[in-house]
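Asker: My questions are about this predicted structure, shown below with the sequence.
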Amino acid sequence: MIDSMAALAAAASTALVGAMATDTWQVARDGLVRVFGRGREGEPAQLAARLDEEAALVSAADDSDEARRSLLPAWRLRVEQFLLAHPEAVDELGELTRHLNSALPGTQQNWVQHVDARDHGQAFGVQGGNLIVHQQPPADRPDLQP
């Protein structure tokens, strides 16, 4: 369950930060305040203020995508810690994340790709481009030499 919480935290924070300075922002902001603020006096107002401040930073930045990339790790950590403390919020946050991802402009939608290599294997992955790999066999493996 921890891995699924980490994946949800990554997806939710990506959708949240991606929505900053877009037409979807108010929905993202209000949704996160609602999910995070259940039964916590005073915290929703503080969270809303932080979200507004960081969205203003993205809006004012010369490179809004770079500003989003800078904010993403902190939000991922916040969301992950929140989910660990409040696992009952997983479904609601998942629904909000799905809604935001479908509402975001195509340029703000982010895709997550996991590439794993195990047992001395190699794995290569790419999104939105080409990957060309030229490799020589290891020198200590004469059986693989051309």
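Answerer: Good, I have the coordinates.
Asker: Let me know the secondary structure of residue 74.
Answerer: With DSSP: H, G, I helix; E, B strand; the rest coil as the basis, residue 74 sits in helix.
Asker: How confident was the prediction at it?
Answerer: You'll see residue 74 listed with a pLDDT of 94.
Asker: The one 5 residues further on now?
Answerer: Note for residue 79: predicted pLDDT of 94.
Asker: What of residue 116?
Answerer: Reported pLDDT for residue 116: 76.
Asker: How many residues are close by it?
Answerer: Look at residue 116: counted by other C-beta atoms under 10 Å, it has 7 neighbours. Every C-beta, even on glycine, is put in place using the N, C-alpha and C of the backbone.
Asker: any idea whether it is helix, strand or coil?
Answerer: Secondary structure, three-state DSSP: residue 116 is coil.
Asker: Tell me which residues touch it, please.
Answerer: Residue 116 sits next to residue 123 when contact means C-beta atoms under 8 Å, 6 or more residues apart in numbering.
Asker: Quick check: it vs residue 73, distance?
Answerer: Going from residue 116 to residue 73 by C-beta to C-beta, to the nearest Å gives 21 Å.
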